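# Any chance you can model this:
(one chain, ligands or ions: 1)
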Amino acid sequence: MCGIVGYIGQKNALPILMEGLRREIYRGYDSTGIVIYDNNNDLVCVKAVGKLESLESKLDNYQLEGSLGLGHCRWATTGTVTEANAHPHWDCQKNIFLVHNGIIENYKELREKLIQEGHKFSSETDTEVLSHLIEKYFENSLEEAVRKALREVRGTYGLAVISKKDPQKIVAARLSSPMILGINGNEFLVASDPSAILTYTRQIINLDDNEIAVLKPDDFFILKEKPLTQIEWTLEEAEKGGYPHFMLKEIMEEPEAIENAIKGRIMAQEGLVKLGGLESVSERLRKINNIILVSCGTAHYAAMVGEYMLEEYAGISSKTDVGSEFRYRKPIVNEKTAAIFVSQSGETADTLAALREMKGKGILTLGITNVIGSSQVRESDAGVYTRSGPEIAVASTKAFLGQLSVLAALTVYLGRQRDMSLVMGQRIVSELAKLPKLAKEVLKSALEIEKIAKKYKDFDNFWFIGRKYNYPIALEGALKLKEISYLHAEGIGGGELKHGFLALVDEDFPTIAICPSDSVYNKMISNIEEVKARKGKVIAVATKGNEDIKKIVDDVIYIPKTLEMLTPLLSVIPLHLFAYYMAVLKGHDIDKPRNLAKSVTVE
Ligand code: F6R
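As a prediction, the model looks like this:
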């Protein structure tokens, strides 16, 4: 995720901005940049692709002295990883410089309009429309121009702007993207992340949505008076947003991961999905009648859910395989086959090998990827970003939600190219739009799930069972528990119990049954009864309002009702939390479990 830092005061701004960036880059980044209002009353901007050190070595060629400036580290979303796309961005006259976090959803329309009005753009980003809009509205007050410009914008922003025409001022604004002000006597800082300024001050003000702040060398003001807050976090805690572990922070970001994956992509009234990354291959996609989804680990379980969605709703024959198997098989493919590769990192060796194999055969290759500019993105014909933001914990959580959301969106995209009705398209899309809110509701059960974890902490073996859309979720729940709590857990399709697995069930081998009220609910109840008949304890993940299930099982975790195909996006959240709390109770290294790496770049 991108990071913003800004300084105005009496000291030299550059070292303060560089220190701020150093504190923000833990979140992941691909390029950096700064702008300083120097002692010659000039705005000097320096940007670099890659590590912060590249920016530092470029800065060695400058003598930058000035007490006002902005810094940014970028995690590309709109536009590739290039110096031109790195922030700060500027207007036609290079009078206005700004840094931005978030997404401007209507940037294409705004950009076209501004170009017609004579503005010249120098990047591919959505952000650049902001600098030209501010230029358009500038008369003599920067904050007034920012206020007018933001009225035209749809999307999210954390924003900091400076201008040569109204110098000695930083204007900051926010909407759904964090921005804080730091106060240190008569010096002021602005940042998107407290860790950027914690070494400098602990007195902060959280900017609220739709507020605009103006920071001057000796004063600041915002629309409303706001109380000062004393930050008690250590630097490490600040990086984790106050959570004890990245994994918990990332689970708590799961609603946001869904929202980011669908934001600006779904058209509720038309029952359509717009996926910019597939535009170049959309005609080829119309002719596809066979899809192969290849991935590894958690991403593979997302792909399995996708397989069910694509078959049932897009009407396309679909198959999944793990990269490590697929690369050694002899798959039957033809010109009507598309191969989809699902990966958080975009660097998983087995998935990449499968991609290269398919590309060599001339098959259409598509990536569903989180990391911008990764090998999978560069090497596939086209693709869709999950936009989950950096995932730091080794165990994948929020990226899984991003993958599921994109696969659901892709299902509507391909379905509507074929014979999915308008009504069905509208239904899926409108349910998808509700999911971030429903996911937040599930997270409210965290305390209850922690209690359940405490109750089951001394068991060494767990079954996870589910059917149809929730069969892959049983596999994911078991994998997560294994990975971080080092317990033995097995995920199976509920129907498989009788085919051998029941032999292990007894009072010491609890089962987690994912049984929302869907088309296979009754089948799941039969499976739960099979377990109960052998004295097995059962924790059910069931749909809110299902009181009957309490009579059969030992513990219930409720999830809200949604479309059957979307239930995995809610049912997996309690399983991520359960694995997390079990591992905490065992005192394990949550974010870096033993023997595992975040990105498996070797076979
Ligand atoms: C599980 C986990 C792994 C990854 C797998 C694929 O929590 O993190 O199973 O899902 O290694 O990684 P990506 O998605 O980067 O290809």
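# Near the nearest residue to A353 once chain neighbours are set aside, how many other residues are there?
Nearest non-adjacent residue to A353, counting by Cβ to Cβ, 6 or more residues apart in numbering: R327, 4.5 Å away. Heads up, the C-betas are built off the backbone N, CA and C, glycines and all. R327 has 21 neighbouring residues, counting by other Cβ atoms under 10 Å.
# Was I right to think R327 contacts D350?
Yes - R327 lies in contact with D350 (Cβ atoms under 8 Å); the separation is 6.1 Å.
# quick one on the thing from earlier: against the ligand, how distant is the residue nearest to A353?
14 Å (Cβ to the nearest ligand atom, to the nearest Å).
# would A408 count as being in a helix?
Yes - according to DSSP: H, G, I helix; E, B strand; the rest coil, A408 belongs to a helix.
# can you pull the contacts of it?
M309, I428, L432, M565, L566, L569 (Cβ atoms under 8 Å, 6 or more residues apart in numbering).
# Quick check: chain neighbours aside, which residue is closest to the last one?
It stands for L569. L404 (5.1 Å).
# K592: neighbouring residues, count only.
17.
# ok, now Q93?
Quick note: Q93 (other Cβ under 10 Å) scores 11 neighbours.
# Which residue, other than its chain neighbours, is closest to it?
Nearest to Q93 is E135, by Cβ to Cβ, 6+ apart, at 7.0 Å.
# separation between the one you found and D91?
4 Å (Cβ to Cβ, to the nearest Å).
# Overlap in contacts, the two.
What both E135 and D91 touch, as defined by Cβ under 8 Å, 6+ apart, is the set H119.
# give me every residue that touches whichever residue of the stretch 201-350 of the chain sits closest to the ligand.
Closest contact between the stretch 201-350 of the chain and the ligand, by Cβ to the nearest ligand atom, is at G297 (1.9 Å). The contact partners of G297, taken as Cβ under 8 Å, 6+ apart, are S396, L479, V600.
# check which helix or strand covers the closest residue to the ligand within the stretch 451-600 of the chain.
Proximity of the stretch 451-600 of the chain to the ligand (Cβ to the nearest ligand atom) peaks at V600, 4.8 Å away. Assigned by DSSP states H and E, V600 belongs to neither a helix nor a strand.
# Would you list the phi and psi of it?
For V600, the backbone dihedrals (degrees, to the nearest 10) come out as phi -90, psi 90.
# ok, it - contacts?
Applying Cβ under 8 Å, 6+ apart, the residues near V600 are C296, G297, T348, A349, D350.
# rerun that using 10 Å as the cut-off
C296, G297, G323, S324, S343, S345, E347, T348, A349, D350, T351 (Cβ atoms under 10 Å, 6 or more residues apart in numbering).
# which one of those residues has the most neighbours?
S343 (36 neighbours).
# and the residue nearest to A353, what is it in contact with?
Contacts of R327 by Cβ under 10 Å, 6+ apart are 294, 321, 349-358, 603.
# for Y469, same thing?
304-305, 308-309, 312, 404, 514, 516, 518-520, 563-569, 571.
# Is it possible to mark the buried ones in those residues?
The neighbour-count test (16 or more other Cβ atoms under 10 Å) marks 304-305, 308-309, 404, 514, 516, 518, 520, 563-569, 571 as buried among those.
# Restricted to helices, list these.
Among the buried ones among the contacts of Y469, DSSP state H puts M304, V305, Y308, M309, L404, P568, L569, S571 in helices.
# picking up where we left off before, how far away is the residue nearest to L569 from the ligand?
From L404 to the ligand the distance is 13 Å (Cβ to the nearest ligand atom).
# where's that residue relative to V99, distance?
From L404 to V99 the distance is 32 Å (Cβ to Cβ).
# How about G264?
21 Å.
# do G185 as well
24 Å.
# L14 too?
15 Å.
# just to revisit the earlier point, how about a markdown table for the ones in helices among the buried ones among the contacts of Y469, with pLDDT added?
Putting these into a markdown table (pLDDT from 0 to 100) gives the following:
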| residue | pLDDT |
| --- | --- |
| M304 | 98 |
| V305 | 98 |
| Y308 | 98 |
| M309 | 98 |
| L404 | 98 |
| P568 | 98 |
| L569 | 98 |
| S571 | 98 |
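# Which pair in those has the greatest spatial separation?
M309 and S571 (14.6 Å; Cβ to Cβ).
# if we can go back for a sec, need the residues touching each of R327 and D350.
Joint contacts of R327 and D350 (Cβ under 10 Å, 6+ apart) are V294, E603.
# Which elements pack onto the lengthiest helix in the chain?
Ordering each helix of the chain by length in residues (DSSP H) puts helix 422-443 first. Helix 422-443 is packed against helix 246-252, helix 254-262, strand 266-267, strand 272-273, helix 398-417, strand 555-559, helix 568-586, with contacts defined by 3 or more Cβ pairs under 10 Å, 6 or more residues apart in numbering; DSSP states H and E.
# Buried deepest among these, which one?
helix 398-417 (a mean of 27; mean count of other Cβ atoms under 10 Å).
# returning to what we had before: how about the contacts made by the residue nearest to L569?
Taking Cβ under 10 Å, 6+ apart as the test, what L404 contacts is 257-258, 261, 301-303, 305-306, 309, 342, 386, 435, 469, 472-473, 476, 565-566, 568-569, 572.
# Need the three-state assignment for the spatially closest residue to L142 that is not a sequence neighbour.
Spatially, and ignoring its direct neighbours in sequence, L142 is nearest to D166 (4.0 Å; Cβ to Cβ, 6+ apart). Put simply, D166 is coil when judged by three-state DSSP.
# Equivalent analysis for A145, please.
helix.
# can you count the residues close to it?
Neighbour tally, A145, other Cβ under 10 Å: 23.
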